[in-house]
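Enquirer: let me see the structure of the following:
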Amino acid sequence: MSDKHMILWDFDGTLGHRPGMWSRAVLDVLQAHFPDCAVTLEDVRPFMREGFPWHQPHLPHVEITTPEQWWTEIEQLFIRAYVGLGCSLAEASHLATLVHQKYLEADQWFLYEDVIPTLEALRALGWEQAILSNHIPELPDIVEALGLTPYVQAVLSSALMGYEKPHPQAFLQALAIFDNPQTIWMIGDNIEADILGAQSVGIPAILVRQEDVRATYVYSDLSLVPAFLSQQLASHETSHPKEDPCENPT
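Expert: I've put the predicted structure just below:
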């Protein structure tokens, strides 16, 4: 076990967001090729509510080991959506291949205003930070484009980990990667994936930007997190003082 103090951050809805998410990307591709189509965002949304790996987090996908494999699987979802929206199979197959790059467009991703000040404050307090998210293989590229790379030691995406939060293995892999830190917290906006998932393997968690009675710790604003974690760390160190090796001769 390492003596470092670690924070695992969720990404979507916690640190960053893409307005309209998958539905917006699918619709933008469709409208670019068929400007006169009458399809709306609300027409697209139902097709995005199932089919992604995180919709069945109890099922591992360790056989998917490359970004190409991951996107090949997901494109089938887009094909079904475009066919359902009235495209021919040939049109749908072509459009589905374009959603990948559309979703990655850097100018479509945004940080919440409280993110950078919070990450800076936590770094100054000695916390190491990483991202653990149910996301696409290129999440590290999005994180870098948003200027978060200097604040995080690693970006772990479920796409290539083989497990989706709240699957225990998603968290256990993170613990192993960071050599089982002495202190570790999970912070996210999803009660099931982030909070209950982390707690299931003994990681305390903070729910942010949402409210849920099942969460022990809840903050609507990230700016309140550094002070809270400092208090928790001080309390832990007071109740578990480090032993003086001189007091325990062998």
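Enquirer: just give me the residue right at the centre of the protein.
Expert: Centroid-nearest residue in the chain, with CA atoms, centre = their mean: Ser133, separated by 2.3 Å.
Enquirer: write down the beta-bridge partners of that residue, one by one.
Expert: Beta-bridge partners recorded for Ser133 (DSSP bridges): Ser157.
Enquirer: now do Thr183
Expert: Assessed by DSSP bridges, Thr183 has beta-bridge partners His5.
Enquirer: how close does it get to Leu8?
Expert: Separation of Thr183 from Leu8 (CB to CB, to the nearest Å): 12 Å. Where C-beta positions appear, they are placed from N, C-alpha and C, glycine not excepted.
Enquirer: give me phi/psi at the residue lying closest to Pro137 once chain neighbours are set aside?
Expert: Distances taken as CB to CB, 6 or more residues apart in numbering put Pro67 closest to Pro137, at 3.7 Å, once the chain neighbours are dropped. The phi/psi pair for Pro67 (degrees, to the nearest 10) reads phi -60, psi -40.
Enquirer: would you map out the domains in this structure?
Expert: By the assignment in automatic domain parsing, the chain contains the domains 2-16+110-238, 19-108.
Enquirer: just name the most buried of these.
Expert: Across these, averaging neighbours per residue (mean count of other CB atoms under 10 Å) puts domain 2-16+110-238 on top, at a mean of 18.
Enquirer: where are the low-confidence patches of this structure?
Expert: For the chain, the stretches with pLDDT under 70 are 1-2, 236-250.
Enquirer: let's see 90
Expert: Where the chain drops to pLDDT under 90, the residues are 1-4, 182, 232-250.
Enquirer: show me where it has helices.
Expert: 21-33, 41-44, 67-84, 89-104, 115-124, 139-145, 158-161, 168-177, 197-199, 225-239 (DSSP state H).
Enquirer: in JSON lines, list these along with distance to Ile206.
Expert: Converted to JSON lines, the helices of the chain look like this (distance: least, CB to CB, whole Å):
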{"stretch": "helix 21-33", "distance to Ile206": "23"}
{"stretch": "helix 41-44", "distance to Ile206": "31"}
{"stretch": "helix 67-84", "distance to Ile206": "29"}
{"stretch": "helix 89-104", "distance to Ile206": "28"}
{"stretch": "helix 115-124", "distance to Ile206": "12"}
{"stretch": "helix 139-145", "distance to Ile206": "20"}
{"stretch": "helix 158-161", "distance to Ile206": "20"}
{"stretch": "helix 168-177", "distance to Ile206": "15"}
{"stretch": "helix 197-199", "distance to Ile206": "9"}
{"stretch": "helix 225-239", "distance to Ile206": "6"}
